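K.L.:
Using only what follows, build the 3D model:
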Amino acid sequence: MTAQPTAQPTARPAPEVGLAPDDARVMLTRQRGILEMIARAAPLQDVLTQLLASLETLMDGARCSVLLLDREHGTLHHGAAPTLPAAYVAAIDGLHIGDGQGSCGTAAAVNAPVVATDVRSDARWAGFRGLALDAGLRSCWSTPIAGHDGHPVGTFAVYHARPHRPTAREQLLVDRFTHLASVAIDHARVLGDLVSSEERFRRTFDDNPLGMVLLRPDGTIDRSNRAFSALAGCGGSLVGRRLADLLAPVEGRLADRLDELGPDRPGPVRFEGVVSPAGPGRPQAADLEVDVEVEVTVSLLCAAEDGPARHVVNVLDLTERRAAERDRRARSEAETARRTAEELTRAKSALLAAVGHEARTPIQAIVGFTELLGTLDLEPARRREALEHIDAAAGHVMDLLTDVLDLSRLETQVLPLALERVELREVVREAVALLTTKASARSFTVVADVGPQVVLADRRRLRQVLLNLLVNAIRHGRVGGRVVVRSVLPDDTATGGEKDLVVVTVTDDGPGIALEVLPRLFTPFASGASAPAAGAAQDESLGLGLGLAHGLLHAMGGDLRVSGTGPGGTTMTLRVPRADDGHDAAPPTGATAPVTTLAGAHAPGTTGSTATTDPTRGHRP
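P.N.:
Prediction:
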């Protein structure tokens, strides 16, 4: 090969003649054999070796090689070289492409044929001249092998032991075999990518901790991984078994779920189901695991060229998730129970402290008057007065203890109740009569406007509720105030259970209830951080009265609430179950007497009675 004077690639001369008939016959025979090797997916090196051997039989003195291009790193690597020295092949393996990198490196870089007629003088061979001469190579002609995208995938080199320039016949032969090499290389790369993809899929499918199934159109299993086999409790193959025999949705049928998918709706479809080792609905053997709750995701895998589609089924074991949810729920319930127990303990301690505080004053009065009677010789009038004080203080303590006991029974739902038909007007009249003295002492007016309604209640407990509410209104209202008790029947707009209730309102004209007190109004002994009305008693807490009244009404099937409060007064509303027959008592023939009724809301600054001092102490159990 004669040296090229410049570093530019030599243009390939146009072929002057076509292939001779003998060359064409040989080439067609060789080409057919090579294409058969490609179709059989023979190793690329074997295909290229056969290709080079075929060319060498048609070109006297030629020694050929194919180098494959690594596009990512820009290097050439050995593909096939059946007649080149092994030392030379190893030396140029990994050659970087670029101008001046021999014939092959330059041809791959410029994507054009490069002819070095004589490597001794060709500038592109300066770094490889010694290697070529030691291998007995004097000329090298390299043609880039174009891939499907038109860019080089390798080079096709023809070496001679003497300076040589390719003829038109040789150009034509190399063009034909270079194209054949391009087909072989592209096919090998596509096949390699396919094999690689298949291996990645196999590893992803088989080693996935998620259960996976490929389903045939008839609903039988085409392929399943180890995770699904473990869920199904099967150590053998599941191929050919019906998936519906192993997996059932929680709702509906598996076939219906699969029918939700189609060419226009490839999915996914998600639902929860159960994997049963023995199959849904079948009795299980004693040594098999119980059914496994799973989350199922199904997608449609459309086949090419209108072939039958298959379903891809992913199955997630929910056992650990369910266990975690149960554990979180148990911890939450335990924490709630702990906080509730602590709150109850604090409430009990606060209640005991409040009861002790409430009982201390009357007990001190009892002790003081008892000592007075024991140490002094009092006149009869003063002695009677002292005994009356002792009796009042003892009654206060008894009322307090009775209320505490009733509250405890309410909380444990063991308070005895004797529900009966009760005429509401009579109970209100009794309560008002018992409070006459207390109302007169504060110039308080109590007005009752109660109809002949008959309710279903415990008579004594209902009177106790009314007394608690009225005592509260009188005690914490202003001197000379007024409280009105009214009863109403549900109107025509009432619905459901509202028609079965009698509504009683207790309205006073006191200063109203402080907003900060409302949320804890029915809590026994809660702090009542508000100032009482002028002339009213000063209390430190809300006492037991309202809390007990609320609990008693609730136990009898009714309720108690604050329906309005403000500077002009407060309205408490009681709702009491109406008697079943709905027949009210006949209206009285005479005038209706003023009556006090339960009023369970108080004005701002109003607090409940600290102890429920019941003027009907003699009527208590």
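K.L.:
Give me the buried positions along stretch 207-215.
P.N.:
210-215 (16 or more other Cβ atoms under 10 Å). No exception for glycine: its C-beta is placed from N, CA and C like everyone else's.
K.L.:
any idea which helix or strand carries Arg200?
P.N.:
helix 168-206 (DSSP states H and E).
K.L.:
Report the buried residues of that helix.
P.N.:
Under 16+ other Cβ under 10 Å, the buried positions of helix 168-206 are 169-174, 176-178, 180-188, 205.
K.L.:
Check stretch 312-321 too.
P.N.:
Buried residues in stretch 312-321 (16+ other Cβ under 10 Å): 312-318.
K.L.:
Among those residues, name the ones in helices.
P.N.:
The helices in this structure, assigned by DSSP state H, contain none of the buried residues of stretch 312-321.
K.L.:
Could you export these as TSV, including pLDDT?
P.N.:
Formatted as TSV, the buried residues of stretch 312-321 follow (pLDDT from 0 to 100):
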residue	pLDDT
Val312	90
Val313	92
Asn314	92
Val315	93
Leu316	91
Asp317	90
Leu318	89
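K.L.:
need these in a markdown table with distance to Leu434, can you?
P.N.:
Formatted as a markdown table, the buried residues of stretch 312-321 follow (distance: Cβ to Cβ, whole Å):
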| residue | distance to Leu434 |
| --- | --- |
| Val312 | 82 |
| Val313 | 79 |
| Asn314 | 77 |
| Val315 | 75 |
| Leu316 | 71 |
| Asp317 | 71 |
| Leu318 | 66 |
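K.L.:
which one of those residues sits closest to Arg253?
P.N.:
Nearest to Arg253, judged by Cβ to Cβ, of the buried residues of stretch 312-321 is Val313 at 14.7 Å.
K.L.:
The closest one contacts Leu215, doesn't it?
P.N.:
Yes. In this structure Val313 lies within contact range of Leu215 using Cβ atoms under 8 Å: 5.8 Å.
K.L.:
ok, which stretches of the stretch 151-300 of the chain are helices?
P.N.:
168-206, 226-231, 254-259 (DSSP state H, counting those that start in this stretch).
K.L.:
again, but for the chain
P.N.:
21-39, 44-58, 86-92, 102-110, 129-134, 168-206, 226-231, 254-259, 319-375, 380-411, 424-434, 436-441, 459-476, 545-555.
K.L.:
Lowest mean pLDDT across the ones you listed, which one is that?
P.N.:
Across the helices of the chain, helix 380-411 has the smallest mean pLDDT, namely a mean of 78.
K.L.:
helices or strands next to that one in the packing?
P.N.:
Other elements packing on helix 380-411 under the criterion 3 or more Cβ pairs under 8 Å, 6 or more residues apart in numbering; DSSP states H and E are helix 319-375, helix 545-555.
K.L.:
what inclination does it have with respect to helix 545-555?
P.N.:
50 degrees (axes from the mean of the first three to the mean of the last three Cα atoms, to 10 degrees).
K.L.:
Give the buried residues for helix 380-411.
P.N.:
For helix 380-411, by 16+ other Cβ under 10 Å, it's 386, 389-390, 393, 395-397, 399-400, 402-404, 406-407, 410.
K.L.:
can you check stretch 36-50 too?
P.N.:
In stretch 36-50, counting by 16+ other Cβ under 10 Å, buried: 37-38, 44, 47-50.
K.L.:
ok, back up a step: how about the buried residues of stretch 207-215 in TSV, adding pLDDT?
P.N.:
As requested, the buried residues of stretch 207-215 are exported to TSV (pLDDT from 0 to 100):
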residue	pLDDT
Leu210	89
Gly211	90
Met212	91
Val213	91
Leu214	90
Leu215	90
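K.L.:
now Glu333: how far from Arg339?
P.N.:
11 Å (Cβ to Cβ, to the nearest Å).
K.L.:
got it, and Ala386?
P.N.:
50 Å.
K.L.:
What sits closest to Ala135 if chain neighbours are left out?
P.N.:
Spatially, and ignoring its direct neighbours in sequence, Ala135 is nearest to Tyr88 (4.0 Å; Cβ to Cβ, 6 or more residues apart in numbering).
K.L.:
quick one: contacts for the one you found?
P.N.:
Contact analysis of Tyr88 by Cβ atoms under 8 Å, 6 or more residues apart in numbering lists 131-132, 134-135, 137.
K.L.:
That one and His73, how far apart?
P.N.:
21 Å.
K.L.:
How about Gly564?
P.N.:
Counting by Cβ to Cβ - Gly564 and His73 are separated by 86 Å.
K.L.:
try Val422
P.N.:
100 Å.
K.L.:
ok, these two, which is more surrounded?
P.N.:
Neighbour count, other Cβ atoms under 10 Å: between Val422 and His73, Val422 has more, with 21 against 11.
K.L.:
ok, the more buried one touching Val455?
P.N.:
Yes. The criterion here is Cβ under 8 Å, and Val422 meets it with Val455 at 5.4 Å.
K.L.:
what sits in contact with each of these two?
P.N.:
Leu462.
K.L.:
quick revisit: anything in contact with each of Val313 and Leu215?
P.N.:
Joint contacts of Val313 and Leu215 (Cβ under 8 Å, 6+ apart) are Leu243.
K.L.:
Among the buried residues of helix 380-411, which one sits closest to Arg270?
P.N.:
Leu410 (49.8 Å).
K.L.:
Show the contacting residues for the closest one.
P.N.:
By Cβ under 8 Å, 6+ apart, the residues touching Leu410 are 548, 551-552, 555.
K.L.:
Apply 6 Å and report the result again.
P.N.:
551, 555 (Cβ atoms under 6 Å, 6 or more residues apart in numbering).
K.L.:
And for the closest residue to Ala418 other than its chain neighbours, the neighbour number?
P.N.:
Closest residue to Ala418 apart from its sequence neighbours, by Cβ to Cβ, 6+ apart: Asp458 at 5.2 Å. Residues within reach of Asp458, counting by other Cβ under 10 Å, total 19.
K.L.:
doesn't Pro416 make contact with Asp458?
P.N.:
No. Between Asp458 and Pro416 there is no contact under Cβ atoms under 6 Å: 8.6 Å.
K.L.:
Spell out which residues are contacts of both of the two.
P.N.:
By Cβ under 6 Å, 6+ apart, no residue touches both Asp458 and Pro416.
K.L.:
Show the pLDDT at the nearest residue in space to Gly267 that is not next to it in sequence.
P.N.:
The shortest distance from Gly267 to any residue other than its chain neighbours is 4.0 Å, reached at Ser299 (Cβ to Cβ, 6+ apart). Listed pLDDT for Ser299 reads 89.
K.L.:
isn't Ser299 right next to Arg270, touching?
P.N.:
No. Taking Cβ under 6 Å as the definition, Ser299 is not a contact partner of Arg270, at 10.1 Å.
K.L.:
out of the two, which sits in the more crowded spot?
P.N.:
Ser299 (15 against 12).
K.L.:
what residues are up against the more buried one?
P.N.:
Contacts of Ser299 (Cβ under 6 Å, 6+ apart): 267-268, 312.
K.L.:
bridging residues for it?
P.N.:
The partner list for Ser299 in beta bridges (DSSP bridges) reads Val312.
K.L.:
Please tell me how far it sits from Ala248.
P.N.:
19 Å.
K.L.:
Using CSV, write out the CA atom coordinates for stretch 432-443.
P.N.:
What follows is stretch 432-443 as a C-alpha-only set of coordinates in CSV (Å, rounded to 0.1, in the frame of the first residue of the first chain):
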residue,chain,number,x,y,z
VAL,A,432,-93.3,26.1,93.2
ALA,A,433,-95.1,25.5,96.5
LEU,A,434,-91.9,24.2,98.1
LEU,A,435,-90.0,27.3,97.0
THR,A,436,-92.5,30.0,98.2
THR,A,437,-90.4,30.9,101.2
LYS,A,438,-87.1,31.1,99.3
ALA,A,439,-88.7,33.2,96.5
SER,A,440,-90.3,35.6,99.0
ALA,A,441,-87.0,36.1,100.8
ARG,A,442,-85.6,37.6,97.6
SER,A,443,-88.8,39.2,96.4
